[in-house]
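Colleague: have a look; sequence and predicted model below, questions after that.
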Amino acid sequence: MPDAAHDPASQEQQARMQRLAAVRPRLVSFARLQLRDNALAEDAVQEALAAAIEKDASFSGRSGYETWVFGILKYKILDTLREQKRRGHWQPWEDELDEDAIDRQFQQNGRWQPSARPSDWGDPEATLHNDHFWRVFDSCMIALPEAIARVFTLRELMGLSTDEICQIAEIKENNCWVILHRARLRLRECVEKGWLAEDKS
Amino acid sequence: MMMCKRATELMSQRLDRPLRWQERLSLRFHLTLCSACQQCDRQFQLLHRIHERFDAPHDSTREGDRRD
Ligand SMILES: [Zn+2]
C-alpha cells in the first residue's frame, strides 16, 4: 500500500487544501462585494470551495492556484446572479437612474461645480494598499444603488465586458456605458469626500 | 470645446470600449487644458484597478489581462 504522506502528488494536494482555507476570507469578501448579501455570498463560496476540491485533479498548474479558485467562484457568482434575475429579484432600473447625483457635480454649462472639482488622490500604488481607502470604498459601494453597483462590479471586479454584462442584465450596451459612467462619478465623489476629508483632518 | 461632463463620459467609456479617433482627439485636447478632468481621469483609472485588491499574493502568474 502506498504511503500517502510520502506520495508527492498527495502532499501537493494537501498543500492546496491549506491554501484553500487561507484564501477563503478573500473569496468571501469578493462575493459579498458582488452579491451584496452575506448569506448568498457564503453559499457561493461554499459551492466554489467544494467544486475546487472535487475538481482538484483538473487543476493544470498553468495559472496560479488561487487565480483558478477565483475563476470557479466567479462562475458560481454568475450562476447566482442569473438565478436572481430569473426569479425577478433584481430591482427595476427606473428607480435608480436619477440624474441628480451626477448633475450636482456639474454646472449647467457642463463644467465642474467648484465644490465637486476632483482633487489629487496621490500615488495610485499607495492608495491601493491603503486600508482606510478600502474602508471608505466599501461604504461607498454600499451607498451605491443596487442596480448600478451590480453593473459596476460585474465590470470592475468580475472583469466582464460590457457586451457580456448586457446579456446578463438584459440591457443595451449604450445603457451599460451610461450606468458605468454614473457609477464611476458617484463613487469618485463619495470616496473623495470620505477619504480625503478624513485624511487631511 | 467639449465640456467637462462630456469629457468624463469619454474617459469612462475609454475603460469599456475603444474610442473613435475623433473622440480620442477631443478627449486628449480637453485633458491637456483641464486639470480637474485630469484628476477625474486618474480616479477612474484607479477605480478600474479595484480587482487588484483580490489578486493572489502567492500566484506568480495571472490570467492574461482581460482588459483592453
Ligand atoms: Zn474638464
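Modeller: Here it is on my side, so go on. Numbering: from 1, shown residues only, chains lettered A, B, ... in the order given.
Colleague: B:A36: neighbour count?
Modeller: 17 (other CB atoms under 10 Å in any protein chain shown). From N, CA and C alone the C-beta is placed, and that goes for glycine too.
Colleague: so it: helix, strand or coil?
Modeller: helix (DSSP: H, G, I helix; E, B strand; the rest coil).
Colleague: quick one: the nearest residue to it once chain neighbours are set aside from the ion, how far?
Modeller: For B:A36, ignoring the flanking residues on the chain, the nearest one in space by CB to CB, 6 or more residues apart in numbering or on different chains is A:R117 at 4.5 Å. For A:R117, the distance to the ion equals 9 Å [CB to the ion, to the nearest Å].
Colleague: how about A:R117, phi and psi?
Modeller: Per-residue torsions, A:R117: phi -60, psi 130 (degrees, to the nearest 10).
Colleague: and what of A:E192?
Modeller: Reported as degrees, to the nearest 10, the phi and psi values for A:E192 are phi -60, psi -40.
Colleague: domain-wise, how is chain A divided?
Modeller: With domains defined by automatic domain parsing, chain A comprises A:4-86, A:95-200.
Colleague: dump these into TSV; add distance to B:I50, mean neighbour count and mean pLDDT as well.
Modeller: TSV is the format used below for the domains of chain A (distance: least, CB to CB, whole Å; neighbours: other CB atoms under 10 Å in any protein chain shown; pLDDT from 0 to 100):
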stretch	distance to B:I50	mean neighbour count	mean pLDDT
domain A:4-86	9	16	89
domain A:95-200	5	16	90
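Colleague: can I get those in a markdown table with distance to B:M11?
Modeller: As requested, those are exported to a markdown table (distance: least, CB to CB, whole Å):
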| stretch | distance to B:M11 |
| --- | --- |
| domain A:4-86 | 23 |
| domain A:95-200 | 9 |
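Colleague: so what does the top helix by length along chain A touch, helix or strand wise?
Modeller: Counting by DSSP state H, the longest helix found in chain A is helix A:8-35. Helix A:8-35 makes packing contacts with helix A:38-54, helix A:65-86, helix A:146-156 when contacts are defined by 3 or more CB pairs under 8 Å, 6 or more residues apart in numbering or on different chains; DSSP states H and E.
Colleague: for the next helix or strand after the last one, packing partners?
Modeller: When you say that, I think you mean helix A:146-156. Using DSSP states H and E, the helix or strand that follows helix A:146-156 in sequence is helix A:162-169. On a contact count with 3+ CB pairs under 8 Å, 6+ apart, helix A:162-169 meets helix A:65-86, helix A:146-156, helix A:173-191.
Colleague: closest to the ion out of these?
Modeller: Closest approach to the ion among the helices and strands packed on helix A:162-169 is made by helix A:173-191 (12.8 Å; CB to the ion).
Colleague: for that closest one, name the packing helices and strands.
Modeller: Short answer (3+ CB pairs under 8 Å, 6+ apart): helix A:173-191 packs on helix A:100-103, helix A:131-143, helix A:146-156, helix A:162-169, helix B:4-13, helix B:35-47.
Colleague: quick one, that helix and helix A:162-169 angle?
Modeller: 100 degrees (axes from the mean of the first three to the mean of the last three CA atoms, to 10 degrees).
Colleague: hmm, helix A:173-191 touching the ion?
Modeller: No - against the ion, helix A:173-191 shows no contacts by CB under 5 Å from the ion, the least distance being 12.8 Å.
Colleague: ok, and the closest non-adjacent residue to B:R42?
Modeller: Going by CB to CB, 6+ apart, B:R42 has A:W121 as its nearest residue, at 6.8 Å.
Colleague: residues touching that neighbour, list them.
Modeller: A:127, A:191-192, A:195-196, B:39, B:42-43, B:46 (CB atoms under 8 Å, 6 or more residues apart in numbering or on different chains).
Colleague: in this structure B:R17 contacts A:D163, no?
Modeller: No - with contact defined as CB atoms under 8 Å, B:R17 does not count as touching A:D163 (9.2 Å).
Colleague: nearest residue to the middle of chain A?
Modeller: The structure's chain A has its C-alpha centroid closest to A:L157; by CA atoms, centre = their mean the separation is 3.6 Å.
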